Each structure stands twice: as structure tokens, then as C-alpha cells.
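> Pasting the sequence and the predicted model now:
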Amino acid sequence: MVVRNLVLVLLFVTVVAPIVLYTDRLGTFKTSSSSRDEFVEDVTTVTLNGHNERLNVLPQESATTIKEPIRIVYSDTSTKSLPNSDDLDLQDTHIAVSGQVESRSTRVLSMTDEEEQDQRTNLIREVTDSLEEANDSNEHNTDTNTHKDIGEDTIDADDQADQSSDNASQNTQNMEIKHEKQSTKHEQQTTQTSTKVKKKERKKPDTSIQNDQTAMPDARVLQLKDQIIRAKVYLSLPATRNNPHFTRELRGRMKEVQRVLGDVRKDSELPRNAYDKLKAMEQTLAKGKQLQDDCASVVKKLRAMLHSTEEQLRVHKKQTIFLTQLTAKTIPKGLHCLPLRLTTEYYTLNSSQHDFPNQEKLEDPQLFHYALFSDNVLAAAVVLNSTITYAKDPSKHVFHIVTDRLNYAAMRMWFLANPPGKASIQVQNIEEFTWLNASYSPVLKQLGSQSMIDYYFRAHRANSDSNLKYRNPKYLSILNHLRFYLPEIFPKLNKVLFLDDDIVVKKDLTALWSLDLKGNVNGAVETCGESFHRFDRYLNFSNPLISKNFDPHACGWAYGMNIFDLDQWKRQNITGLYHRWQKLNQDRQLWKLGTLPPGLITFWKRTYPLHRSWHVLGLGYNPNVNQKEIERAAVIHYNGNMKPWLEISIPKYRNYWTRYVDYDHLYLRECNINP
């Protein structure tokens, strides 16, 4: 009995008493805030040599104002600043999500049961949204990387700037520091704010995708073409040839993609299953990438393909130049049929029906006279129609057309059947100019020389293509050189506006006759914008005759719309000056064929510069002429090989010319001339 009592006492002392004492101490610690304050004060204050000192390492805050540690929460989009790797991006995304889970779970421990349950529900929702966002981001990154493989040069610079600013704003929002307090109300507000930020972040990549699609309407087509090229590279490598199963799969994918592409040029033209074929091909190419273990062979093959492509491009460019020059020399069927049809109709008329009205106005110097030298009936009609359309008083405008013997009857018949309204017209045959003969004109003598015939008909075997443009038959026609004989053709006129047959008039030109040329003979628009419009482009400055008399950097000017003062022309003997230089260039050592080089020489320091808006050039060779300049121009010029009446014309400029052609006209329908 004594032993049992002793055992119970020892059990009470060793087990029960410590439990009671510890429970009482714990309750006192929980209920006493003052003791907690004293504890903090004791920790932050030490006594050294009888003096109380404060610890600088610990923050000097009271127990009631202790804040939760500051932390930085990164979203999955912040991983874009890391190296560009899909695996790293995915891994960092999971790390960021798990970091959010850990930080949220730490906060949950200090809450009550109800708050804990609500917060866990929000936590699960946020983690789920983060995982979905990570998946969306990975898909977007894959698409973006694929677009970069297609070619970064095709992305617009403005869109790149917009995308970079969007990424910067996303990183700024993701790196924002969140200061949160222990109160439940503030915690809920912070949770709602972070949820809104995440929704905005999820919307921004969608906006960038839309910008990419807007900037690159054919991005998916380019991606499919890029896949074909990559597949061809893989098929030529040993690692692929040693794997027949993969080879068959890759060839099958290539056929599918090629069927999808066809002749498609825009994403909007692709079939509905194009995206599925693209994804399937991308997966197959990913397998091929894993098979390749020899980078040197891949690089070697790509270099060989690049060299072969460059060689093919060079050959195609050479063929394009030749075919373009050939097309520019030929006459379309319709334009060949039209003068034949008109000529037949002309000779069926009575002789009394061959004359034009208002013949008394042809030599009146008070009227506005135009000179047009052409053998193209339809082109001459467009020049007249466009000019009369914008003329304020058509009755004061007189058109002088000079053509060759072959097209004389056709030209007259066209304007007899289609009179130019109240304006007056004259059609002349160059054969009637008896004064224009080889003894008077050096250029006419040169055009009939044996050396010129050899140059045109025997030198075509030359290997060089640089002279193809100089072998155009138009240089054999004296019509091209009549512009240097204006005073002889119009002896009673004071001023003449010269027009080429490949121009379109868009404004009233009457003001040109009232311009003061300040003693100059020629009024023209200068073409100093680019280096090839200067004197050294057209003249041979290695010849001392040229180098001593002219400046290689002098500004050139444009033929095609020129106002000529015929009184000054006669006074300064311009025709005689032209003849002298033509005789010096008999062996073509000063310049090649054409009329612009002798024009630059003849009217050197005798040209008055007109405002650029009077005459805009380049519509026959340059697809990038400023649209605003075209709209402001008084005359637009299709100089170059891509004339508006040819199939090789630049489509976006063709409408300016075709609007002045009546394609419902009987003669045009009979010759199958269509817009």
C-alpha cells in the first residue's frame, strides 16, 4: 500500500504537475499582450556597461505594428526575360506557380477556419488560372518562335515596338511589390486586385497575336512554305535516309502541306484544315530534329541549298531582264489590229470627209499648242482625252500630232471618229517634212548607216545584257528625235508644250504658257532625287569633250512634259548646237542611243526648273512612287518598260490610264482590247 502511494505521488510529480504548469504558462503568454511587448523590448534592447543600447539590425517596430515580410511574386510571363528555350520557359513557369502556392500557404496558416476555407478556395482558383495561363503562354511562344523562323524581316517595325512596350508593361506589373497586412479585409482586397492583374496579363498576349496577324496577313502561308524547306533539308541528310519509317512519314506530311498550299498567297485563302496540317508537320519536323546528330552535315546542306538558290535567282533575273525588254519592243495583238482596222475604215471615206474642223487655229500663237509625236493610236487618244478633261476652256487648246506613214491613216481616222470636243487637232505625216533628210539631220544619217544596222541586227549575240535597253527599235525611229526640230515644225508659234504619248494629264496645264522662263529655252522638272538622274549616268565623262564641258554631278531633268520657248530656241540656235554634238557622237563614244543624253547636252544651262508637282515620273518601272505625289501631280509619266497598255504594266497605276479609254468602242471590241 505504501509502495502504491509512492508510485502515484511520483507519477503526479513527473507527469501531471508539468502538464498543469505548462498549460497555465501558455495561457498567460497568449492573453498577455504586455508580456509580449516586454519580450520584444528585451530582444531589441541590450545593456552594455550599464547603458541601454538599441540593436540596429532588428527593425524598430512595436509588436502591434509588425508587418508581413515583403515578397515579390512573379507571373509566368516574366520568364520571357530568360534565355529563349521552350523547356526553360515551362520549367520557370512551374517554379513561379509553385512559389505562389508556397507564399499563399504560409499566409493561410495564420487564419481562422472560415477564412482559411475561403482563402483556400481562392488559392485553388488562382493556381488553376496560373496553369492555364502558362499553357496559353507556351502555345503563344511556340507560334512566335515559328514566325521568327519564317523571317523576322517581314514583321513591321511599328508592331515590334508595340510588342516590346507591351512586354515591358507586363514585366513592370509582374515585378510590382505587394505590401499586405494581417487584417482579413485587406487580404481580400489584395486577392481581388491580383486576380484583375492576371486577367489583364492574359489578355495582352492575345492583343500581340492580333497585331502579328494584322502586320503579317500571309504569316501562316510563309510558315507552311518554311516547313517544306525544312522537310527537304531533313530528307537529304543521312540520319533521315537511314530511318525509312520517318522518311515515309515526312514525305506524307510534305504532300499534305503542298496540297494545302497550292497557289495560295494569303492566310484567308487557306482551307480550314490548314492549321491541323501545320501542327502535324511541326510535330514530324520535331522528330526529325531529334534524329539529327551531325550539325556539320546540316550546315553543309543548307549552304549548298543557299548557293543553288542564289544561282537560280541570278539566272531568273537575267531572263526577266531579257523578257521585259522583249515585251517592251513588241506590239500586243490588239494594238496591232486597231491601226489596221482604222486604216481600212479611213480609205472607205470620201475625200471630203478627211479634213478636221477649225484648221484656222493651227497657227494662232495666242492659243495653247501641244506637240505629240507618236505611232500609238490608243496612247495618243489617252493623252488628248485626259488633257481636254481638265482644260478650263478646251476651245483654246490645239493638238499637233505627228506620226509615221504606217499609222498616218489610222491616227486620222480615230480622231475623225472621236473628235476632241471643242479643241482643235492636226495630224501630220513625218514623210511630208521634205526638209528633214540625211543631208540636214546628222541623226537621220546615222540611223541609216551600216554601223547602226550592225549594232541592232548583228550585235544581239553579245554576252552582255547592259546594252539591251539601247537596242529598242524606238531609237531607230526619227519620231523620237523630232523634239529637237520644233521651230522647223511650228515656224509661226512662240511656245509649245511637248508631251510624250505615255503620260496622263490630271490637271489644267494652261498656266505653263504664262510662266516666265527667264531667258531659258526649256522648262522641265528636275530629277535630282537619286544619283542615276545626274549627268554622269548618261554621259561618258572619261571622254575629254564631256569632262571639260559638263559637270558629272549636275542635275538632270525629265523629258515627257516640257514647255519650250521657240523664240529663244531660234535666238540661241539650239538646233545647230544639237547637230554639232550629234556629229561628235557619230561613233557613240560620248553617250549611247536615246534622246535624253543629247537633250541634257543641248539644253545645258538653258533649262528652267519647274515645280515637282507638274510632272511625276516612274510609273513605268517603280512600284513605290509616293501616292501623295501622284495625287498632287499635273502630269504622271509611265516612263520605263511597263507601259500601261502592256500586260507587264504595274497594276496599281493602270487605272489612271484606263479611265480615259472607252473599251465599249466598236473598234476596240472588234480588236479584243480589254482593260
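Right, received. Where do you want to start?

> I'd like the distance between the residue nearest to residue 238 when sequence neighbours are not counted and residue 286.
Of all residues not flanking residue 238 in the chain, residue 297 sits nearest, at 6.7 Å (CB to CB, 6 or more residues apart in numbering). Where you see a C-beta, it was placed from the backbone N, CA and C, and this is true even at glycine. Residue 297 is 19 Å from residue 286, where distance means CB to CB, to the nearest Å.

> So those two - more neighbours on which side?
With other CB atoms under 10 Å as the criterion, residue 297 and residue 286 differ in neighbour count, and residue 297 comes out ahead with 14 against 9.

> Show me what counts as buried in the strand or helix carrying the more buried one.
Element membership for residue 297, per DSSP states H and E: helix 295-329. Counting neighbours by 16 or more other CB atoms under 10 Å, one finds that the buried residues in helix 295-329 are 298, 324-325, 328.

> likewise stretch 433-449?
By neighbour count, and taking 16+ other CB under 10 Å as the criterion, the buried residues in stretch 433-449 are 433, 436, 441-443, 445-447.

> tell me the mean pLDDT for it?
If you average the pLDDT over stretch 433-449, you get 85.

> Need the contact partners of it.
Contacts with stretch 433-449, where a contact means CB atoms under 8 Å, 6 or more residues apart in numbering, come from 430, 452, 476, 478, 481, 485, 488-489, 579, 582-583, 586.

> try it again with 6 Å
Applying CB atoms under 6 Å, 6 or more residues apart in numbering, the set of residues contacting stretch 433-449 from outside is 452, 476, 478, 481, 579, 582-583.

> Can you flag the buried ones in the residues you listed?
With burial judged by 16+ other CB under 10 Å, the buried subset of these is 452, 478, 481, 579, 582.

> Quick one: low-confidence residue ranges for the chain.
20-217, 453, 455-476, 529-532 (pLDDT under 70).

> ranges for the strands of it?
Counting by DSSP state E, the chain forms strands over residues 45-48, 51-54, 368-373, 397-403, 424-429, 495-499, 503-505, 522-525, 561-565, 607-610, 615-616, 635-637, given from the N-terminal end onward.

> Tell me which strands the fifth one pairs with, and in which orientation.
Paired neighbours of strand 424-429 in the sheet (DSSP bridges): strand 397-403 (parallel).

> Just the CA coordinates for the partner strand, please, in CSV.
What follows is strand 397-403 as a C-alpha-only set of coordinates in CSV (Å, rounded to 0.1, in the frame of the first residue of the first chain):
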residue,chain,number,x,y,z
HIS,A,397,-6.3,74.2,-127.0
VAL,A,398,-4.7,72.9,-130.2
PHE,A,399,-3.1,69.5,-130.5
HIS,A,400,-0.5,68.8,-133.2
ILE,A,401,0.2,65.1,-133.7
VAL,A,402,3.0,63.8,-135.9
THR,A,403,3.1,60.1,-136.8
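
> so that strand versus strand 368-373, what angle?
20 degrees (axes from the mean of the first three to the mean of the last three CA atoms, to 10 degrees).

> List of residues touching strand 397-403?
Counting by CB under 6 Å, 6+ apart, the neighbours of strand 397-403 from elsewhere in the structure are 361, 367-373, 375, 380, 384, 391, 411, 423-428, 430.

> Identify the bridge partners of the closest residue to residue 356 other than its chain neighbours.
Nearest-residue entry for residue 356: residue 425, 5.5 Å, with adjacent residues in sequence omitted and distances by CB to CB, 6+ apart. For residue 425, the beta-bridge partners under DSSP bridges are residue 399.

> How many residues are close by the residue nearest to residue 278 when sequence neighbours are not counted?
When the adjacent residues along the chain are set aside, residue 278 lies closest to residue 224, with 6.0 Å between them (CB to CB, 6+ apart). Per other CB under 10 Å, the neighbour tally for residue 224 reads 23.

> picking up where we left off before, which member of the buried residues of stretch 433-449 is positioned nearest residue 291?
When the buried residues of stretch 433-449 are compared for distance to residue 291, the smallest value, 68.2 Å, is given by residue 447; criterion: CB to CB.

> could you measure that closest one against residue 376, distance?
Looking at residue 447 against residue 376, where the rule is CB to CB, the gap reads 20 Å.

> How about residue 260?
45 Å.

> Check residue 617 too.
Spatial separation of residue 617 from residue 376 under the definition CB to CB is 19 Å.

> and the two? which has more neighbours close in?
Neighbour count, other CB under 10 Å: between residue 617 and residue 376, residue 617 has more, with 26 against 20.

> Give the closest residue to the more buried one in space, chain neighbours not counted.
Beyond its immediate neighbours in the sequence, the residue positioned closest to residue 617 (CB to CB, 6+ apart) is residue 637, lying 4.6 Å away.

> how about the one you found, what does it touch?
503, 560, 617.

> try residue 591
Listed by CB under 6 Å, 6+ apart, the contact partners of residue 591 are 538-539, 597.

> residues in contact with the residue lying closest to it once chain neighbours are set aside?
Here the nearest residue to residue 591 in space, its sequence neighbours aside, is residue 597; by CB to CB, 6+ apart that works out to 3.6 Å. For residue 597, the contacting residues are 538-539, 591, by CB under 6 Å, 6+ apart.

> Repeat the analysis, applying 8 Å as the threshold.
538-539, 590-591.

> how far away is it from residue 438?
For residue 597, the distance to residue 438 (CB to CB) stands at 21 Å.

> Equivalent analysis for residue 283, please.
With the distance defined as CB to CB, residue 283 ends up 77 Å from residue 438.

> can you check residue 631 too?
Taking CB to CB as the measure, residue 631 falls 46 Å from residue 438.

> quick one, what contacts the nearest residue to residue 667 once chain neighbours are set aside?
Once flanking residues are discounted, residue 667 sits nearest to residue 341: 5.6 Å by CB to CB, 6+ apart. The neighbours of residue 341, taking CB under 8 Å, 6+ apart as the test, are 667, 670-671.

> Looking at the residues you listed, which one is closest to residue 1?
Taking CB to CB as the measure, residue 1 sits nearest to residue 671 out of those, at 140.9 Å.

> I'd guessed that closest one sits against residue 337; true?
Yes: using CB atoms under 8 Å, residue 671 and residue 337 qualify as a contacting pair, with a distance of 3.7 Å.

> between these two, which one's more packed in?
Taking residue 671 and residue 337 together and counting by other CB under 10 Å, residue 671 has the greater number of neighbours (21 against 17).

> dump the residue contacts of the more buried one.
333-335, 337-338, 341.

> number of nearby residues for the nearest residue to residue 634 once chain neighbours are set aside?
The spatial neighbour of residue 634 that comes closest, neighbours along the chain excluded (CB to CB, 6+ apart), is residue 507 at 4.0 Å. The local packing count at residue 507 equals 17, with neighbours defined by other CB under 10 Å.

> Pretty sure residue 507 sits against residue 631.
No: using CB under 8 Å as the test, residue 507 is too far from residue 631 to be in contact (10.6 Å).

> Greatest separation within the buried ones among the contacts of stretch 433-449: which pair is it?
Between all members of the buried ones among the contacts of stretch 433-449, the longest pairwise span (CB to CB) is found for 452 and 579 and amounts to 17.3 Å.

> For the residue nearest to residue 536 when sequence neighbours are not counted, which residues are in contact?
Of all residues beyond its chain neighbours, the one nearest residue 536 is residue 552 (3.7 Å), with distances taken as CB to CB, 6+ apart. If you count contacts by CB under 8 Å, 6+ apart, residue 552 has them with 534-536, 539, 541.
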